[in-house]
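Visitor: Predicted coordinates and the sequence they were generated for:
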Amino acid sequence: MDLCDLAPGYIRAIAPYQPGKPIPELAREMGLDEAGIIKLASNENPLGVSPLAQRAIERTLAELARYPDGNGFDLKQALAKHYGVAPERIVLGNGSNDVLELAARAFLTPGLEAIYSRHAFAVYPLVVQAIGARGVEVPARDFGHDLPAMRRAITQKTRMVFIANPNNPTGTLVPAAELEAFISALPGEVVVVLDEAYNEYLPEQARYDSIVWLGRFPNLIVTRTFSKVYGLAGLRVGYAFAHAGVADLMNRVRQPFNVNSLALAAAAAALEDGEFVRRSREINRAGMEQITGVLRRLGIEFIPSFGNFVSFRAGDAAAAFRKLLKMGVIVRPIASYGMPEHLRVTIGLETENARFLAALEQALTR
Ligand SMILES: *Cc1c(COP(=O)(O)O)cnc(C)c1O
C-alpha cells in the first residue's frame with residue numbers, strides 16, 4: 001500500500017505553485033556569475049528594502065530569542081492609523097498568501113464553491129483545493145475579470161469570490177464603479193476576497209477606496225501586502241481588512257505566531273516611509289514606459305498593465321524564456337496561468353530593463 005494514496009484526492013490533485021527562478025539556481029545550472037544575472041520574475045521591488053525598514057530590522061535582531069507579538073499590536077496600530085481602520089478589523093499574515101488561505105479556511109468546506117477568473121493569481125485555486133472545496137474558474141474577457149460571467153457562475157453552493165485588482169499576471173484592472181456594482185449585487189452569504197497586492201502602484205486616475213466599501217459590505221475582505229511596493233517580499237507580511245467578526249474568525253484559524261518579529265517591525269517602519277513608496281512608484285512608471293515603448297517598437301503585443309510587471313506575447317514563450325536564461329535574464333513563463341504564449345516581466349531599474357530589452361530582441365530575432 002502506498003501511504004500517499006490515503007491522502008484525499010483533492011490534495012493529491014493539487015498542482016504545486018511554480019515560483020520565479022532564484023538567481024543562485026540559474027547561476028548553478030548555467031555556470032553563470034550571480035552578479036551578472038538579473039531577475040525580473042517575481043514582481044519584487046527593484047529598489048530593495050526601505051532604509052527605515054532596514055534599521056527597524058537591525059534594532060529587532062537582539063530580540064530574536066523571544067516569540068513575536070502574536071497579536072501584532074504595533075503593526076496593527078500603524079495600519080489602523082495609516083488607513084483609518086480599527087485594529088480589530090485587521091488580520092496579519094505571513095504574506096498575503098497566508099491571509100488568502102485564512103479566508104478560505106474560515107469560510108469554505110468540502111461541498112462549497114469558490115469562484116475566480118481564468119488567468120487570475122495562482123494561489124486562489126491552491127487555497128480552495130487544499131480545503132476540498134470546489135474551485136470554479138470563469139473564462140476571462142480580454143485577459144481580465146469578466147464580472148457579469150462571474151456573477152452568472154454563482155450558485156447556491158458559492159461561498160467565496162476572489163478578485164485580484166490589478167490582477168497578476170495580466171495586469172488588468174476592473175474599474176472601481178463596475179467592481180462596486182458587482183459587490184453590491186452579490187448575495188450577502190458570498191464572501192468577496194478583493195486582493196489588492198498592487199494597489200499602491202495605481203495611477204491617480206485609477207485609484208478607488210475599497211476601505212470605504214468595507215463599511216457597506218460586511219462580506220468584503222480586502223487583502224494587501226508588504227511584498228511589492230514596500231519591498232519586503234523575503235520577510236513575508238500581508239494583511240486583510242474585514243468586518244470585526246470576519247477578522248476574528250480569520251484570526252482564530254491562523255497560527256498563533258504567523259508573522260515573525262523582524263517582519264512585524266520592518267512592515268511598521270516601511271509603512272511610514274512615504275518617500276520610498278513614492279520613489280518605487282516613480283521608478284515603476286518610468287520603467288513601464290521604457291519597456292512598453294520598446295515592445296511597441298518591436299511589434300510585440302503586450303497587455304497594458306496596472307501593476308509592476310507586464311505580460312507580452314513571445315510566440316514560443318518557453319523557447320524565448322530559455323534563451324533569456326542563457327543571457328542571464330530571468331523572467332516568468334506563465335503557461336501555468338493558461339498563457340503559454342506569454343512571458344511576464346517585472347519592471348526593474350532602468351539598467352535592468354535595458355538589459356532585458358536587448359536580450360529579448362536577440363532572443364526573438366535569432
Ligand atoms: C504578489 C501577489 C500577492 C502577494 O503575495 P505575498 O504572499 O503577500 O507575498 C498577492 N496577490 C497577488 C495577485 C500577487 O501578485
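Guide: Received, thanks.
Visitor: gap between the residue nearest to Glu101 when sequence neighbours are not counted and the ligand?
Guide: Nearest residue to Glu101, sequence neighbours excluded (CB to CB, 6 or more residues apart in numbering): Val127, at 4.5 Å. Glycine gets a C-beta too; all of them are placed from N, C-alpha and C. In this view, Val127 and the ligand are 11 Å apart by CB to the nearest ligand atom, to the nearest Å.
Visitor: any idea how far the helix or strand where Val127 lies is from the chain center?
Guide: Element membership of Val127 [criterion: DSSP states H and E] is helix 123-131. Mean-position distance between helix 123-131 and its chain equals 15 Å (CA atoms, centre = their mean, to the nearest Å).
Visitor: Equivalent analysis for stretch 26-37, please.
Guide: For stretch 26-37, the separation from the chain centroid amounts to 27 Å (computed by CA atoms, centre = their mean).
Visitor: State the mean pLDDT of it.
Guide: Across stretch 26-37, pLDDT averages out at 91.
Visitor: same question, stretch 84-100
Guide: The model assigns stretch 84-100 a mean pLDDT of 98.
Visitor: Kindly list the longest helix within this structure.
Guide: What stands out as the longest helix in the chain, according to DSSP state H, is helix 274-297.
Visitor: Give me the residues contacting that helix.
Guide: Residues outside helix 274-297 that contact it (CB atoms under 8 Å, 6 or more residues apart in numbering): 45-47, 50-52, 200-201, 203, 229-231, 270, 301-302, 304-305, 308, 310, 312, 345, 347-350, 353-354, 356-357, 361.
Visitor: Among these, name the buried ones.
Guide: Buried subset of those (neighbour count, 16 or more other CB atoms under 10 Å): 45-47, 50, 52, 200-201, 229-231, 270, 302, 305, 308, 310, 312, 345, 347-349, 353, 356-357.
Visitor: Now the closest residue to the ligand within the chain. Nearest residue, chain neighbours left out?
Guide: The minimum distance from the chain to the ligand, using CB to the nearest ligand atom, falls at Gly95 (2.6 Å). Nearest non-adjacent residue to Gly95, counting by CB to CB, 6+ apart: Arg236, 4.2 Å away.
Visitor: quick one: stretch 330-348 near the ligand?
Guide: No. Using CB under 6 Å from any ligand atom, no contact is recorded between stretch 330-348 and the ligand, whose separation bottoms out at 10.2 Å.
Visitor: Lys21 against Leu324, yeah?
Guide: No. The pair Lys21 / Leu324 is not scored as a contact, 10.6 Å apart, by CB atoms under 8 Å.
Visitor: tell me, what's touching these two both at once?
Guide: Taking CB under 8 Å, 6+ apart as the contact rule, the neighbours common to Lys21 and Leu324 are Ile330.
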